[in-house]
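Enquirer: here is the input, now give the coordinates:
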Amino acid sequence: SYQRFVSCYRCFYKLQPQLTRSIYDQFISQLQTSIKEEIQEVQNEGNLEALFSLLDKIVEEAKDREEPAWRPSGVPAQDVRSALVPFLLRHRSHLRRALHERQHRSSSLAQDVLTGRDSIAELQQRIQARQQAWQ
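Expert: As a prediction, the model looks like this:
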């Protein structure tokens, strides 16, 4: 790796090889420090230690199981179906209840309309009867 560094800065290396080595060492140490800081920052932000301990706990619990764990089949539609079907069944049930309520309300309103029409027809007959009696 130092040889690749030297090949990139050949002119500088020819003039001062010790300084080139010093720059390389300093560059490597700063790079390592920077990488360690980035890894620590990712761990802190993502709370990776807690997640890794949770993952270890899940693995330990899974050792006692005899049945195999669920794995995706590779067909997303098939994998999602197991989660979507119960939701869709509940939704269908809800829609059926709503439809039944609407149909009941609609038939009730239709009956009210028929009752109103009958009363209007009766009133019209009375009006005609009184009109004929008056004439």
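Enquirer: run a quick neighbour tally on Q43.
Expert: Counted with other Cβ atoms under 10 Å, residues neighbouring Q43 total 14. C-beta: built from backbone N, CA, C; applies to glycine.
Enquirer: before we move on, which element is it in?
Expert: Q43 belongs to helix 17-46 when assigned by DSSP states H and E.
Enquirer: show me where the protein has helices.
Expert: In the chain, the segments counted as helices under DSSP state H are 2-8, 10-15, 17-46, 48-63, 76-134.
Enquirer: mean pLDDT for these - can I get that in a markdown table?
Expert: Below are the helices of the chain laid out as a markdown table (pLDDT from 0 to 100):
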| stretch | mean pLDDT |
| --- | --- |
| helix 2-8 | 83 |
| helix 10-15 | 83 |
| helix 17-46 | 89 |
| helix 48-63 | 84 |
| helix 76-134 | 93 |
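Enquirer: including distance to A69, could the ones you listed go into a markdown table?
Expert: Output for the helices of the chain, formatted as a markdown table (distance: least, Cβ to Cβ, whole Å):
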| stretch | distance to A69 |
| --- | --- |
| helix 2-8 | 45 |
| helix 10-15 | 56 |
| helix 17-46 | 24 |
| helix 48-63 | 6 |
| helix 76-134 | 14 |
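Enquirer: and this structure, what are its domains?
Expert: 1-46, 86-134 (the TED database).
Enquirer: could you dump those into a markdown table with distance to E61 added?
Expert: Putting the domains of the chain into a markdown table (distance: least, Cβ to Cβ, whole Å) gives the following:
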| stretch | distance to E61 |
| --- | --- |
| domain 1-46 | 23 |
| domain 86-134 | 25 |
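Enquirer: S53: which of the ones you listed is closest?
Expert: Nearest to S53 among the domains of the chain is domain 1-46 (12.3 Å), distances taken as Cβ to Cβ.
Enquirer: having no further points to raise, I will conclude here.
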